[in-house]
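Student: Here's a sequence, model it:
(chains A and B, ligands or ions: 2)
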Amino acid sequence: MIPPGLQANPSLDRWVGFPAPGVVRIAFGKVEYGQGALTALAQIAAEELDVAMPQVEVANAATGAVPDEGMTVGSMSVEVSGASVRAACAEVRALFVAEACRRLDCAPGQIDIRDGAFRLDGAPSGETYWTLSPAIDLAQPPSGTARWKSQDQHRLVGTSAPRLDLPAKMFGGGFIQDVVLPGMRHARVLRQPGPTARLAFLDEAAAWKAAGDADLDILTEGSFVAFISSSEAAAARAHAAAEPTTRWDTPRDLPPQVTEAASLKDMASTELEEGAPVGGPSNRRRLQAAYSRPYIAHASMSPSCGIAWFEEGRLRVWTHAQGVYPPRLQIARITGLPPEAIEMEHAQGAGCYGHNGAEDAAYDAAFIASRRPGAPIRVQWRREDEFGHSPVGTAMRVEMTAELDAAGRLADWTTEIWTNLHVNRGRTLIEPALPQGPPDLPPPNQATAFGGRLNAAPSYDIPAVRVKEHLVINSPVRTSSLRGLGGPVNTYAGECFLDELAQAAGKDPLAFRLEMLSEPRARAVVERIGAVCGWDRRGPGGEGRGLGLAYDRHRDRGAFVAVAARVSVDEEVRLEHLWCVADAGLIINPDGAKNQIEGGMIMAASWALKEQVRLEGAGVASVTWEDYPILRFDEVPSVEVELIVPPGAPPLGIGEISLGPCLAAIGNAVAHALGARLRDLPYTRDRIARALLAD
Amino acid sequence: MDLMINGQTRRVTAEPTDNLLDVLRNELGLTGPRFGCGTGQCGACSVLVDGQDVAACQLEVGNLEGKSIVTVEGLGTPDAPHLLQTAFLELQAGQCGFCLSGILVGAKGLLDRNPNPTRQEVAQALAWHLCRCGAHNRVMDAVLLAASRMNAEPVR
Ligand code: FES
Ligand code: FES
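Tutor: Ligands and ions are numbered 1, 2, ... in the order given. Below is the predicted model:
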């Protein structure tokens, strides 16, 4: 079977090339943002082609240069793009083997390849990919018959190849912010206080005064304002000086209570439903609980940056967005240029964890460049822009009802979710400021609204499960994809509630879970997490130290993941240790996978204890690291990760699998430590005190 | 004005009130110190000034004449990496890596004054450096690995 990505980009030369002796060029449509995608995909290619890792050169993602594989999202790079890369490389290998057989007058079975050199019956044949390459035209579609290696033939896949992109970053380079172009000019954008705000008075005088001797160019169109200078500092000064005295009509004015997830219940929503019909009356024991996560910032370490250069009718854009093709369409819409006139090139940014400000910074730069042809324009957002104007991960409220039968088994389950959009790439930051305004986008529906219901049905054998989502499309601020979408929140809620149910049924939480798990891979991770965390020595709890665990099947059909947390709690929660046991099928790069899982656990721990976006007035009111603290070096727990790799299992996504189970394991550990349950994230001092009082 | 950067005297045209981070990046082309917040809250821009791990975004160059300034570029190069850089690469201590310039500089400052820190001392010294990717544990392991090697061989 030809994987869909290869079917959509069917010319083999889009994926593989041999540009110079000893060099294999691999191209794919996924990009690196710290998750190790580049390295894992290079390993897959090197494996199938039988070349060495240093021989592989990964093409930088650029329109025209790499196949269009959409955005790099949902930790699907290895699962989806990897399948295409593997198939394309197997096809290429087969073509080269056939040509070698012609030249050497032998059968394919007599050929093996090492480091790109073809061997005939185990001895050097003199042929290599590079001697054969002139005779083979790779501008051809895949045959669909090439066979890739089976797992027992792997020698590179399954090994921890070091990351290809990391060395540059160790010596002070590697990022889009470091790109310098000839004659580059720096721009800062004055942001609207909300999408409805209209520019009433721009304090140009203040900007000119602040810029001093430096050249300054102020671009105004509609309510969009940019300060442009050859000096970055001057552009920044002009921006800072004009901002406080510029006046806006009809700014957004949010009441502070929209900060809380519970406020979603008061907003107009679209109802989406799936699962079993509502059950009839029963005499089973019925329990209910409500959990929530507040709005969460992506909080990338680098405020976003975009660079664009419009010359002779062609617009070139450098971006750290999660892909190069989809943003090109928005840029066409924003600038009025045809997509063919726009070239996009990826340059790396800091970790984004979803849809942060990257795309919007590119849109800023592209729009400014389109209005100021000739010089490259670099837009650097400030920290307060990144916190204040990039999309945030939506708050969610999750209410659950469950019924236990006479034997204390879970018989019926309902999840009801209130959420804003999780996937929301269409609404740009810039368009509401421009004269043409935002585009008319079709409202999301059951088929297109994605993310809110992930893992809303617990990953267990439960006779009847139904899920209802109240999707609030008109959100107080723009929300879009954040690592894991709704999955981590639903798992958090469901797995904590499951502990409450176990308690109600008088059962041990681990045993209660195993009772409802028939899938052997699921049982394996749950049993193993119990063993590694010392579950049998857990004790009754309630005395300030706690051990909790949680499990889910990531996105309902992906990796099997269990996490345990050891905490101590007095006035606040201290995380002592986290364990994760995961089965994500075939692992391309074990150390890379562990790095992602570890990082996901620390991020989840940070959400659990610290993070909450504050909304008020014009929008996001928490715009500094002081307002939005994250977990620090002296607060992070130690972590341990164990991977289970069943023979023959295909690879499953790994990048965001640990967050949900980790949130829930912490929740359960805290409840165990306190003998009282906290349900709303984050677990602040206040909430701990209140939970103890209520108990 | 002259600044002492990574052991070399560099002449800059900047005004005394200009910001060190801006001068390093835009005038001297040293991209190691990174812009993360501009308010001294994240550590992405950090440099050593006379051995102290400080936020370049909070310093005016006028106050720095005669002081020794070290950026991550002053630690080592790909051909001659600092033991810290070697250890970070060996343990793959980092994900996106945006925080690493500042962290490496902070770790060097720590090891220069305390060649044999405990894990807790490493955590405390780096506490003001933020890392959103959650690479903290590997970073601390790498700093301790570098320290153990420094103590085993003469410091370069
Ligand atoms: S950029 Fe200087 S501390 Fe954040
Ligand atoms: S590795 Fe990404 S912020 Fe530290």
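
Student: just for chain B, where's the confidence low?
Tutor: Counting by pLDDT under 70, chain B has low-confidence residues at B:153-156.

Student: make it 50
Tutor: Within chain B, the ranges that satisfy pLDDT under 50 run B:155-156.

Student: the helices in it, which residues?
Tutor: Ranges of helices in chain B, per DSSP state H, are B:20-22, B:83-90, B:100-113, B:119-126, B:136-152.

Student: Kindly report the residues of the stretch 501-650 of chain A close to chain B.
Tutor: Contact residues (CB under 8 Å from any CB of the partner chain) of the stretch 501-650 of chain A with chain B: A:591-592, A:595-596, A:598-603, A:606, A:624-626, A:630-634, A:636, A:638-639. From N, CA and C alone the C-beta is placed, and that goes for glycine too.

Student: what's the neighbour count on residue 1?
Tutor: All of this refers to chain A. If you count neighbours by other CB atoms under 10 Å in any protein chain shown, A:M1 ends up with 8.

Student: You answered for a different chain; I wanted chain B.
Tutor: Using other CB under 10 Å, B:M1 has 15 other residues around it.

Student: got the contact list for the residue of the stretch 251-400 of chain A found nearest ligand 1?
Tutor: Using CB to the nearest ligand atom, A:R383 is the residue of the stretch 251-400 of chain A that sits closest to ligand 1, at 7.3 Å. Listed by CB atoms under 8 Å, 6 or more residues apart in numbering or on different chains, the contact partners of A:R383 are A:303, A:623-625, B:36-39, B:41-42.

Student: restrict those to those near ligand 1?
Tutor: B:36-38, B:41-42 (CB under 6 Å from any ligand atom).

Student: Include neighbour count when you put those residues into TSV, please.
Tutor: TSV is the format used below for the ones next to ligand 1 among the contacts of A:R383 (neighbours: other CB atoms under 10 Å in any protein chain shown):
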residue	neighbour count
B:G36	31
B:C37	24
B:G38	21
B:Q41	20
B:C42	28
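
Student: ok, A:F18 to A:F96 distance?
Tutor: 9 Å (CB to CB, to the nearest Å).

Student: what touches both of these two?
Tutor: Common neighbours of A:F18 and A:F96 (CB under 8 Å, 6+ apart) are A:129, A:133.

Student: Domain map for the chain?
Tutor: Defaulting to chain A. Domain assignment for chain A by automatic domain parsing gives A:4-155, A:181-250+A:300-389, A:484-694.

Student: let's do chain B instead
Tutor: B:2-74, B:83-152.

Student: Does chain A have contacts with the first one?
Tutor: It stands for domain B:2-74. Yes. Domain B:2-74 lies within reach of chain A by CB under 8 Å from any CB, at B:18-19, B:22, B:26, B:29-39, B:41-42, B:44, B:71-73.

Student: Centre of the chain to that domain, how far?
Tutor: For domain B:2-74, the separation from the chain centroid amounts to 10 Å (computed by CA atoms, centre = their mean, to the nearest Å).

Student: What is the end-to-end distance of it?
Tutor: 17 Å (CA to CA, to the nearest Å).

Student: same deal with the last one?
Tutor: Counting by CA to CA, you get 12 Å between the two ends of domain B:83-152.

Student: so how far is it from its chain's centroid?
Tutor: Using CA atoms, centre = their mean, the offset of domain B:83-152 from its chain centre is 10 Å.

Student: Check stretch A:522-532 too.
Tutor: That offset, for stretch A:522-532, works out to 27 Å (CA atoms, centre = their mean).

Student: How confident was the prediction at the nearest residue to A:S282 once chain neighbours are set aside?
Tutor: Using CB to CB, 6 or more residues apart in numbering or on different chains and skipping residues adjacent in sequence, the residue nearest A:S282 is A:E403, 6.2 Å away. At A:E403, the pLDDT value in this model is 97.

Student: A:E403 is in what secondary structure piece?
Tutor: Element membership for A:E403 (DSSP states H and E) is strand A:396-404.

Student: now for that strand, which elements pack on it?
Tutor: Counting by 3 or more CB pairs under 8 Å, 6 or more residues apart in numbering or on different chains; DSSP states H and E, the packing neighbours recorded for strand A:396-404 are strand A:285-293, strand A:410-420, helix A:487-505.

Student: who's in contact with the residue most central in space within chain B?
Tutor: Geometric centre of chain B, nearest residue: B:V105, 1.8 Å, by CA atoms, centre = their mean. Contacts for B:V105 (CB under 8 Å, 6+ apart) come out as B:32, B:46-48, B:53, B:70-72, B:75.

Student: Tell me which two of these sit farthest apart.
Tutor: B:G32 and B:D53 (13.6 Å; CB to CB).

Student: Compare those two (neighbour count), which wins?
Tutor: Between B:G32 and B:D53, counting by other CB under 10 Å, B:G32 is the more crowded of the two (28 against 24).

Student: if we can go back for a sec, tabulate the domains of chain A (a markdown table), appending mean pLDDT.
Tutor: Putting the domains of chain A into a markdown table (pLDDT from 0 to 100) gives the following:
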| stretch | mean pLDDT |
| --- | --- |
| domain A:4-155 | 94 |
| domain A:181-250+A:300-389 | 97 |
| domain A:484-694 | 97 |
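
Student: Out of these, which gets nearest to A:A290?
Tutor: Of the domains of chain A, nearest to A:A290 by CB to CB is domain A:484-694, at 6.4 Å.
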